[in-house]
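Q: Predicted model, plus sequence, below.
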Amino acid sequence: MIRRLLVTTFFLIGLTQHLPAEQAMLASGAWLEARLGSANLVILHVGTRADYEEGHIPGASLLRLEDITVTGPGGLRMELPRVDALRDAFGALGVTDEATVVVYHVGRAVQTATRAWFTLDYLGLNGRIALLDGGLTLWKKEGRPLSTQAAPPATSSFSPRSAPAKVVSAEWIRMHLGDSGVMIIDARAPEFYSGEDRGAMSRGGHIPGALSAPLSSFLDEEGRLKSREELKQLLRVGAHHPEPVRVTYCHSGVQATVPYFAGRYLGLDMRLYDGSFQDWSRRAEYPVEQGSAKEH
C-alpha cells in the first residue's frame, strides 16, 4: 500500500515537471479517477473497437496495436513503424509535447498497454507516460466510472525525440552472446522457451543464455505489477556488478515489453529486440538452445 501511494504521489508531481521515468510510470485507479478531465492528460484504451464501445474510462481514446505497428521485411509482425508514422498516430489521439499519457489494457493483456508504453518511451516521452496498474479489469472491480461515449476527435502534434538505441537487432545480440555485460530475457511461456512447443516459429527453443521470465510472472493475482523487491528477483538485480544491459524478447516483440517496463520501473538499462524469436529462429546460422529454464 505504501509503495502504491508513493508512486501515485510521484506521478502527480510529474504532471507539472519531468521526473526520472522510473518514478512516474505506474498510476493507481484512485489517482486517475481524481484527475479525469484534467488538461494535458491523455488516456489511451489499448484494445479493440468492440471492447472500447462496450465500456472504457471516461475521456479515453481508442488505440489499437495495429495503429502503431507494421509488418516488416520478410513478414516480421508487430514491428515499429517509421517515427513520422508514430508521430501522426499519437498526434491524432491528442498526444502533445506537454501531455501526460496514461495507457491501460483490457483483461489480462497487459502486454498491449506495455507495448504502447514502450513505443512512447522510444519516442522520448520519458517521465510523462504511465501504465494504469491493473488495467480496466481492476478499474471496474473498484467500481470506478465507465463511459460508452467516444472521445472527441483530436488534432495535435508533438515532436518525437526517438531513441534508436532502445531497440536492438539480431546481429547486435549475436555479437553480444556470452557477454557478461548483457542479460537476455525471454518473456514467453516456459513451453516455448524450452522448445517443447515451437508454435509458429521456424525452430523451437530460445536464444543461448537467455533467462526465462514469462510475462505472467511480473503480475500479482489482481493483475497489478508485483512489488519492486519481487521484480528485482525476477530480473536478477544485484546478481552482477556492474548491472548489465538487459535485452528482452518474445515471439514478436509485444510480450517482451512487460519485463522491459518492469526493468525501466526499477531504473535499469533496458533494450527491446523488436524482431524477437520470429526473426532469430528463421536465421539458420544463428544458434538456438533447447531445454527448461536454468538459473543464470
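A: Received the coordinates, thanks.
Q: would you list every one of the strands in this protein?
A: Counting by DSSP state E, the chain has strands at residues 26-27, 41-46, 61-63, 100-104, 129-132, 167-168, 182-186, 211-212, 245-249, 270-273.
Q: Turn the ones you listed into CSV, columns for mean neighbour count, mean pLDDT and distance to residue 110.
A: Quick note: C-beta positions are derived from backbone N, CA and C, even for glycine. Shown next, in CSV, are these (neighbours: other Cβ atoms under 10 Å; pLDDT from 0 to 100; distance: least, Cβ to Cβ, whole Å):
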stretch, mean neighbour count, mean pLDDT, distance to residue 110
strand 26-27, 24, 95, 12
strand 41-46, 25, 97, 10
strand 61-63, 22, 98, 14
strand 100-104, 25, 97, 9
strand 129-132, 26, 96, 8
strand 167-168, 20, 98, 20
strand 182-186, 23, 98, 16
strand 211-212, 21, 97, 18
strand 245-249, 26, 98, 14
strand 270-273, 24, 98, 16
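Q: Relative to residue 72, which of these is closest?
A: strand 167-168 (11.8 Å; Cβ to Cβ).
Q: I'd like the strands of the chain written out as TSV, with distance to residue 35 added.
A: TSV is the format used below for the strands of the chain (distance: least, Cβ to Cβ, whole Å):
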stretch	distance to residue 35
strand 26-27	9
strand 41-46	6
strand 61-63	16
strand 100-104	9
strand 129-132	11
strand 167-168	32
strand 182-186	33
strand 211-212	37
strand 245-249	30
strand 270-273	28
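Q: For the most centrally placed residue in the chain, give its distance to residue 250.
A: Centroid-nearest residue in the chain: residue 114, 2.4 Å away (criterion: Cα atoms, centre = their mean). Residue 114 sits 11 Å away from residue 250, going by Cβ to Cβ, to the nearest Å.
Q: residue ranges of the helices in this structure, please?
A: 2-13, 29-34, 49-54, 83-91, 110-122, 135-141, 170-175, 190-194, 228-234, 257-265, 276-280 (DSSP state H).
Q: Quick check: end-to-end length of stretch 225-241?
A: Across stretch 225-241, the terminal residues are separated by 26 Å (Cα to Cα, to the nearest Å).
Q: In the stretch 1-150 of the chain, where is pLDDT below threshold?
A: Residues of the stretch 1-150 of the chain that meet the criterion pLDDT under 70 lie in 1-24.
Q: just to revisit the earlier point, what's the closest of the strands of the chain to residue 146?
A: So among the strands of the chain, strand 41-46 is nearest, using Cβ to Cβ, at 10.8 Å.
Q: tell me the angle of the closest one relative to helix 83-91?
A: Interaxial angle, strand 41-46 versus helix 83-91 (axes from the mean of the first three to the mean of the last three Cα atoms, to 10 degrees): 110 degrees.
Q: Run a quick check on residue 105 versus residue 115, I expect a contact.
A: No - taking contacts as Cβ atoms under 8 Å, residue 105 lies outside contact range of residue 115: 9.4 Å.
Q: before we move on, the earlier item: wait, doesn't the residue nearest to the centre of the chain sit right on residue 261?
A: Yes - applying Cβ under 8 Å, one finds residue 114 in contact with residue 261, separated by 4.4 Å.
Q: Identify the contacts common to the two.
A: residue 131 (Cβ atoms under 8 Å, 6 or more residues apart in numbering).
Q: What number of residues are in the vicinity of residue 30?
A: For residue 30, the count of nearby residues is 13 (other Cβ atoms under 10 Å).
Q: Kind regards, and thank you for your time.
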